[in-house]
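[1] Fold the stuff below for me.
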Amino acid sequence: MAQAFALRVPEVDFVGREQTSDMPGFDWVTKSSTDIFAGRRVAVFALPGAFTPTCSSTHLPGYEAVYEQIRDCGIDEVYCLSVNDSFVMTSWFKSLGVEQVKPLADGSGKFTRQMGMLVDKDNLGFGMRSWRYSMVVSDGIVERIWIEPGQSDNFEADPFTVSDHDTMLSWLQGLTP
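    Model (predicted):
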(Lines give C-alpha, C1' and ligand atoms only; values in the text may rest on other atoms or scores of the structure.)
Protein backbone atom coordinates (compact mmCIF):
# COMPACT_ATOMS: atom_id res chain seq x y z
CA MET A 1 0.00 0.00 0.00
CA ALA A 2 1.25 3.50 -0.77
CA GLN A 3 1.12 6.15 1.90
CA ALA A 4 1.91 9.86 1.94
CA PHE A 5 2.60 11.68 5.21
CA ALA A 6 5.18 13.93 6.89
CA LEU A 7 7.60 11.54 8.54
CA ARG A 8 11.20 12.59 9.20
CA VAL A 9 13.77 9.86 8.67
CA PRO A 10 15.58 8.78 11.86
CA GLU A 11 18.90 10.39 12.73
CA VAL A 12 21.41 7.54 12.93
CA ASP A 13 24.99 6.88 11.92
CA PHE A 14 25.72 4.43 9.11
CA VAL A 15 29.17 2.85 9.39
CA GLY A 16 30.69 1.67 6.16
CA ARG A 17 33.96 1.07 4.46
CA GLU A 18 35.73 2.72 1.57
CA GLN A 19 38.49 1.10 -0.46
CA THR A 20 42.01 2.50 -0.07
CA SER A 21 45.40 1.54 -1.39
CA ASP A 22 46.84 1.36 2.15
CA MET A 23 46.64 -1.73 4.33
CA PRO A 24 44.22 -3.15 5.37
CA GLY A 25 42.68 -1.96 2.10
CA PHE A 26 39.80 0.05 3.51
CA ASP A 27 38.96 2.91 5.85
CA TRP A 28 35.96 3.01 8.13
CA VAL A 29 33.64 5.90 7.27
CA THR A 30 30.66 7.11 9.27
CA LYS A 31 27.85 9.01 7.56
CA SER A 32 24.84 10.33 9.40
CA SER A 33 21.28 10.46 8.15
CA THR A 34 21.85 14.19 7.76
CA ASP A 35 24.85 13.53 5.47
CA ILE A 36 22.71 11.30 3.27
CA PHE A 37 19.35 13.09 3.23
CA ALA A 38 19.80 16.80 4.07
CA GLY A 39 19.16 19.13 1.15
CA ARG A 40 18.66 16.24 -1.24
CA ARG A 41 15.85 14.24 -2.82
CA VAL A 42 16.75 10.59 -2.40
CA ALA A 43 15.19 7.26 -3.38
CA VAL A 44 15.63 4.41 -0.91
CA PHE A 45 14.51 0.83 -1.22
CA ALA A 46 14.87 -1.57 1.68
CA LEU A 47 14.99 -5.32 1.49
CA PRO A 48 15.43 -8.33 3.80
CA GLY A 49 18.98 -9.27 2.93
CA ALA A 50 21.96 -9.42 0.64
CA PHE A 51 22.41 -12.59 -1.38
CA THR A 52 18.77 -13.62 -0.88
CA PRO A 53 16.77 -14.77 -3.95
CA THR A 54 14.29 -11.95 -4.70
CA CYS A 55 16.66 -9.27 -3.48
CA SER A 56 19.44 -10.53 -5.77
CA SER A 57 17.45 -11.54 -8.83
CA THR A 58 14.94 -8.71 -9.04
CA HIS A 59 14.86 -5.99 -6.38
CA LEU A 60 18.42 -4.58 -6.52
CA PRO A 61 19.03 -5.32 -10.24
CA GLY A 62 15.73 -3.63 -11.10
CA TYR A 63 16.73 -0.36 -9.47
CA GLU A 64 20.19 -0.56 -11.01
CA ALA A 65 18.60 -0.97 -14.47
CA VAL A 66 16.48 2.20 -14.13
CA TYR A 67 18.96 4.24 -12.08
CA GLU A 68 19.38 6.98 -14.69
CA GLN A 69 15.63 7.19 -15.33
CA ILE A 70 15.04 7.69 -11.59
CA ARG A 71 17.77 10.33 -11.46
CA ASP A 72 16.14 12.07 -14.44
CA CYS A 73 13.02 12.52 -12.28
CA GLY A 74 14.80 14.84 -9.88
CA ILE A 75 16.34 12.23 -7.59
CA ASP A 76 19.87 13.01 -6.38
CA GLU A 77 20.79 9.45 -5.34
CA VAL A 78 19.37 5.93 -5.09
CA TYR A 79 20.20 3.80 -2.04
CA CYS A 80 19.61 0.14 -1.23
CA LEU A 81 19.17 -0.38 2.51
CA SER A 82 19.50 -3.70 4.29
CA VAL A 83 20.17 -4.91 7.80
CA ASN A 84 23.56 -6.24 6.76
CA ASP A 85 27.05 -4.98 7.52
CA SER A 86 29.12 -2.97 5.10
CA PHE A 87 31.36 -5.91 4.14
CA VAL A 88 28.37 -8.02 3.12
CA MET A 89 26.72 -5.17 1.22
CA THR A 90 29.94 -4.33 -0.64
CA SER A 91 30.53 -7.97 -1.60
CA TRP A 92 26.93 -8.40 -2.71
CA PHE A 93 26.98 -5.29 -4.91
CA LYS A 94 30.29 -6.41 -6.43
CA SER A 95 28.95 -9.92 -7.12
CA LEU A 96 25.98 -8.44 -9.01
CA GLY A 97 28.02 -5.79 -10.86
CA VAL A 98 26.01 -2.96 -9.28
CA GLU A 99 27.85 0.31 -9.87
CA GLN A 100 25.24 3.07 -9.68
CA VAL A 101 22.88 2.33 -6.77
CA LYS A 102 24.63 2.99 -3.45
CA PRO A 103 24.60 0.47 -0.58
CA LEU A 104 23.28 1.66 2.77
CA ALA A 105 24.36 -0.87 5.38
CA ASP A 106 22.18 -0.76 8.50
CA GLY A 107 24.10 -3.53 10.24
CA SER A 108 22.61 -3.01 13.68
CA GLY A 109 19.14 -2.20 12.36
CA LYS A 110 18.94 1.19 14.09
CA PHE A 111 17.52 3.07 11.11
CA THR A 112 15.20 0.21 10.24
CA ARG A 113 13.94 -0.09 13.82
CA GLN A 114 13.25 3.63 14.07
CA MET A 115 11.42 3.56 10.74
CA GLY A 116 9.14 0.88 12.23
CA MET A 117 10.30 -1.61 9.60
CA LEU A 118 12.37 -4.07 11.66
CA VAL A 119 10.74 -7.51 11.66
CA ASP A 120 11.73 -10.90 13.01
CA LYS A 121 12.33 -13.39 10.21
CA ASP A 122 13.42 -16.16 12.55
CA ASN A 123 11.01 -18.53 10.80
CA LEU A 124 13.46 -18.36 7.87
CA GLY A 125 16.57 -18.41 10.04
CA PHE A 126 17.33 -14.75 9.26
CA GLY A 127 16.76 -13.11 12.64
CA MET A 128 15.88 -9.41 12.63
CA ARG A 129 15.66 -7.89 9.15
CA SER A 130 14.07 -5.05 7.26
CA TRP A 131 10.58 -5.40 5.91
CA ARG A 132 10.54 -4.71 2.17
CA TYR A 133 9.62 -1.09 1.33
CA SER A 134 10.71 1.86 -0.79
CA MET A 135 10.47 5.59 -0.32
CA VAL A 136 11.30 8.99 -1.72
CA VAL A 137 12.84 11.31 0.86
CA SER A 138 13.09 15.09 0.36
CA ASP A 139 15.46 16.90 2.71
CA GLY A 140 14.95 14.26 5.39
CA ILE A 141 11.14 14.12 5.09
CA VAL A 142 9.47 11.04 3.63
CA GLU A 143 7.61 12.31 0.57
CA ARG A 144 6.17 8.94 -0.39
CA ILE A 145 6.53 5.40 0.95
CA TRP A 146 5.45 2.05 -0.42
CA ILE A 147 5.23 -0.75 2.17
CA GLU A 148 4.71 -4.35 1.16
CA PRO A 149 1.51 -5.90 2.59
CA GLY A 150 1.57 -8.20 5.60
CA GLN A 151 4.27 -6.47 7.61
CA SER A 152 4.67 -8.59 10.75
CA ASP A 153 7.11 -10.86 12.51
CA ASN A 154 7.63 -14.28 10.93
CA PHE A 155 5.27 -13.53 8.04
CA GLU A 156 4.95 -16.65 5.88
CA ALA A 157 5.44 -14.90 2.54
CA ASP A 158 7.85 -12.36 1.07
CA PRO A 159 5.57 -9.96 -0.81
CA PHE A 160 7.16 -7.95 -3.58
CA THR A 161 4.39 -5.96 -5.22
CA VAL A 162 4.85 -2.23 -4.44
CA SER A 163 8.49 -1.61 -3.44
CA ASP A 164 9.79 -2.43 -6.92
CA HIS A 165 11.46 -0.01 -9.31
CA ASP A 166 8.47 0.13 -11.69
CA THR A 167 6.12 1.39 -8.97
CA MET A 168 8.52 4.13 -7.88
CA LEU A 169 9.44 5.15 -11.40
CA SER A 170 5.77 5.34 -12.48
CA TRP A 171 5.02 7.61 -9.52
CA LEU A 172 8.07 9.79 -10.15
CA GLN A 173 7.07 10.17 -13.80
CA GLY A 174 3.52 11.14 -12.74
CA LEU A 175 1.98 8.05 -14.29
CA THR A 176 0.36 6.90 -11.05
CA PRO A 177 -1.11 8.94 -8.18
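
[2] In three-state terms, label Y63 for me.
    For Y63, the assignment made with DSSP: H, G, I helix; E, B strand; the rest coil gives helix.

[3] What ranges does the protein have for its helices?
    33-37, 53-54, 60-65, 67-71, 86-96, 110-114, 165-172 (DSSP state H).

[4] So which of those is nearest G25?
    Closest approach to G25 among the helices of the chain is made by helix 86-96 (11.3 Å; Cβ to Cβ). Bear in mind the C-beta positions are built from the backbone N, C-alpha and C, glycine included.

[5] elements contacting the closest one?
    strand 13-19, helix 60-65, strand 77-82, strand 102-105 (3 or more Cβ pairs under 8 Å, 6 or more residues apart in numbering; DSSP states H and E).

[6] still on that earlier bit, would you list the helices of the chain in CSV and tack on mean neighbour count, mean pLDDT and distance to E77?
    Shown next, in CSV, are the helices of the chain (neighbours: other Cβ atoms under 10 Å; pLDDT from 0 to 100; distance: least, Cβ to Cβ, whole Å):
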stretch, mean neighbour count, mean pLDDT, distance to E77
helix 33-37, 18, 98, 8
helix 53-54, 13, 95, 23
helix 60-65, 19, 98, 11
helix 67-71, 16, 98, 8
helix 86-96, 17, 95, 14
helix 110-114, 19, 98, 16
helix 165-172, 19, 97, 14
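
[7] closest to G140 out of these?
    helix 33-37 (4.4 Å).

[8] Now find how far off-centre that closest one is within its chain.
    Put simply, helix 33-37 sits 14 Å off its chain's centre (Cα atoms, centre = their mean, to the nearest Å).

[9] And stretch 19-30, by the same measure?
    The answer for stretch 19-30 is 23 Å, by Cα atoms, centre = their mean.

[10] Check what contacts that stretch and list those residues.
    Stretch 19-30 is contacted from outside by D13, F14, V15, G16, R17, E18, using Cβ atoms under 8 Å, 6 or more residues apart in numbering.

[11] do that again at 7 Å, thanks
    D13, V15, G16, R17, E18 (Cβ atoms under 7 Å, 6 or more residues apart in numbering).

[12] measure it end to end?
    14 Å (Cα to Cα, to the nearest Å).

[13] Rounded mean pLDDT for that stretch, please.
    For stretch 19-30, the mean pLDDT works out to 80.

[14] tally of neighbours for S32?
    12 (other Cβ atoms under 10 Å).

[15] Give me the neighbour count for the closest residue to it other than its chain neighbours.
    Distance criterion Cβ to Cβ, 6 or more residues apart in numbering; nearest residue to S32, sequence neighbours excluded, is D13 at 5.4 Å. Neighbour count of D13, defined by other Cβ under 10 Å: 13.

[16] now the one 5 residues further on
    Using other Cβ under 10 Å as the criterion, E18 is surrounded by 10 other residues.
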